[in-house]
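Engineer: what follows is a protein structure lacking sequence information:
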């Protein structure tokens, strides 16, 4: 248990230090895309390798995936212990014993080519299933929508915490010019059953008023018109979103590292010493992204318990990235 808290503190401190330094310099807030660490599974005589949910890999093993020999995985963090925190190409985050990983190498991440860009209508790129530049995939148990326009990729997932709406947002600058990101300009509008804005919440104020639901996920949003209710096994008896995956998805999961940090914090938030610091570390920061740089973080909005149709808008690089989303609150 102590090891988990140490890891959480180290990861949160790293995120906070990176964000703070970026804010002070007024320039970049993330490493370049070519700084991605990639390793491969080395089975060492076994047919496959287990990936577990816990860092210690205590018995009985909490296996969340079985990895094949030679499979490429991304290295999220390495605390120099028995295991390494990794993510897979299908969006799963977990731990693998160090002995089953090859020496990680830095690899250029794939960015969308200009031909993958979504069309613009008066400066607005609209996410639409099956359209050029629009993709969707799972990251853990969450749906991520990805939209690319003008060489910029924005990925989002939206959760109802039962207290606030929380959007996880990643922005990747695959263009030729720096772009400035201002999280306070993001907007979430309810369009059914009412038409009204759900106002942006300053992360510092959210952190001060934080309760046990700050990182809780009561329900996840799906694409408008495509969500089907599915009963969860949670004691809260809520519904999550079920959806179909596209047959081919060329987009990379840029939210994986942020979601790994958020999941660790969610599991241990009752024991966090400084909630304000942790929430600020997890929040999306204002910054300027140079070409081939990226950033990710959480943004909070007001909540309407009856919202079932919303639109999330992310302005960046002179383009408004628009994501129509839906919740199903039926029981």
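Structural biologist: Sure, I can see it. It should be emphasised that the depicted structure is a prediction, and the values quoted were computed from it without experimental measurement. Numbers count the residues shown, from 1 in each chain.
Engineer: pretty sure residue 125 contacts residue 118?
Structural biologist: Yes: contact criterion C-beta atoms under 8 Å: residue 125 and residue 118 qualify, at 4.5 Å. Yep, even glycine has a C-beta here, placed from its N, CA and C like the rest.
Engineer: overlap in contacts of these two?
Structural biologist: 133, 147, 149 (C-beta atoms under 8 Å, 6 or more residues apart in numbering).
Engineer: got a list of what the second one touches?
Structural biologist: This points to residue 147. Residue 147 neighbours (C-beta under 8 Å, 6+ apart): 118, 125, 127, 133-135, 153-155, 321, 323.
Engineer: number of nearby residues for the closest residue to it other than its chain neighbours?
Structural biologist: Sequence neighbours aside, residue 127 is the residue nearest to residue 147 in space, at 4.7 Å (criterion: C-beta to C-beta, 6 or more residues apart in numbering). Residue neighbour count, defined by other C-beta atoms under 10 Å, stands at 25 for residue 127.
Engineer: please renumber so the chain begins at 22
Structural biologist: Fine by me, first position is 22 from now on; the one you just mentioned is residue 148.
Engineer: phi, psi for residue 148 please.
Structural biologist: phi -70, psi 130 (degrees, to the nearest 10).
Engineer: quick one: residue 101 and residue 73, what's the gap?
Structural biologist: In this view, residue 101 and residue 73 are 18 Å apart by C-beta to C-beta, to the nearest Å.
Engineer: comparing these two, which shows the higher neighbour count?
Structural biologist: Neighbours per residue (other C-beta under 10 Å) separate residue 101 from residue 73, with residue 73 holding more: 18 against 6.
Engineer: quick one: the more buried one and residue 94, what's the gap?
Structural biologist: For residue 73, the distance to residue 94 (C-beta to C-beta) stands at 14 Å.
Engineer: between those two, which contacts overlap?
Structural biologist: By C-beta under 8 Å, 6+ apart, the residues touching both residue 73 and residue 94 are residue 117.
Engineer: what pairs with the helix or strand containing residue 156, and is each one parallel or antiparallel?
Structural biologist: Assigned by DSSP states H and E, residue 156 belongs to strand 155-160. In the sheet, strand 155-160 lines up against strand 163-170 (antiparallel) (DSSP bridges).
Engineer: any regions of the stretch 172-321 of the chain where pLDDT drops low?
Structural biologist: For the stretch 172-321 of the chain, the stretches flagged by pLDDT under 70 are 231-272, 280, 282-297.
Engineer: go again using 90 as the cut-off
Structural biologist: 180-185, 195-197, 213, 224-304, 313 (pLDDT under 90).
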